[in-house]
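Visitor: What shape does this take:
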Amino acid sequence: MATLTNNINPQNIVDRFADYVTATAGAGISWGTNALPFSQFDSAYLGGTTTGRPIGITGATISTVGGTITATNIYDTLVNETAQYTSIRKLRAILELTGSGTQFDQTAVTYLRHTLYGQSIGSPANGGVSSGSTITSSGLESLFNNLRTSYSNARESTVTLTVTVCHTSCHSSCHGSRGRR
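Guide: Coordinates of the predicted model:
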């Protein structure tokens, strides 16, 4: 766990942010490219493995070494980065067998493809990290908490995907051999 040090630097901000949002997003992922809900599920819907999304920013994203750290840049950078995690959310995966009905129907946290299932987190409260204000460690901690809450709310939004097949156990082998019949 990172701590905000005196003097706060850009990488320190990113490291502490990761303790809040990145760690929360990566916890408890059941399905991803390495763990499908069922074998017929199309992995094209997925964005990564059950280990979660690695952080996509560095201190240099917030400010150059020795450069001025502005509240606006911190806020905008961290809100945008938080939104990148919103495709890690609940998925209700349903497998339907033609003529027989539902064979599988479960909901779990899944790392979905961001371009298909990313969400907006809006404009979370800035916690005092705002233009014209002195940036404090308590203000940053408040912002990180607000971002984690915004992400957690988005995570609860459930996507439902239904896959319909004619046979559950031999779907690919049956359809692969049709030309030979």
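Visitor: which outside residues touch the longest helix along the chain?
Guide: Criterion DSSP state H: the longest helix present in the chain is helix 137-155. Residues outside helix 137-155 that contact it (Cβ atoms under 8 Å, 6 or more residues apart in numbering): 4, 6, 8, 13, 16-17, 19-21, 24-25, 74-75, 78-79, 82, 85-86, 88-90, 109, 119, 121-122, 124-129, 133. Glycine gets a C-beta too; all of them are placed from N, C-alpha and C.
Visitor: List buried residues within the residues you listed.
Guide: Neighbour counting by 16 or more other Cβ atoms under 10 Å classes 4, 8, 13, 16-17, 20-21, 24-25, 74-75, 78-79, 82, 85-86, 88-90, 109, 119, 121, 124, 126-129 among the contacts of helix 137-155 as buried.
Visitor: Not counting sequence-adjacent ones, nearest residue to Gly132?
Guide: Sequence neighbours aside, Ala71 is the residue nearest to Gly132 in space, at 7.9 Å (criterion: Cβ to Cβ, 6 or more residues apart in numbering).
Visitor: Give me the neighbour count for the one you found.
Guide: 19 (other Cβ atoms under 10 Å).
Visitor: any idea how far Arg148 is from it?
Guide: Going from Ala71 to Arg148 by Cβ to Cβ, to the nearest Å gives 19 Å.
Visitor: Next: Val159.
Guide: Applying Cβ to Cβ, the value for Val159 to Arg148 is 21 Å.
Visitor: With Ser133 instead?
Guide: In this view, Ser133 and Arg148 are 21 Å apart by Cβ to Cβ.
Visitor: which residues in the chain form helices?
Guide: Going by DSSP H, the chain shows helices at 10-17, 23-26, 59-62, 71-83, 114-117, 137-155, 171-176.
Visitor: Nearest to Leu36, out of the ones you listed?
Guide: Distance to Leu36, taken as Cβ to Cβ, is lowest for helix 171-176 among the helices of the chain, at 13.4 Å.
Visitor: I'd like the average pLDDT over that closest one.
Guide: For helix 171-176, the mean per-residue pLDDT is 52.
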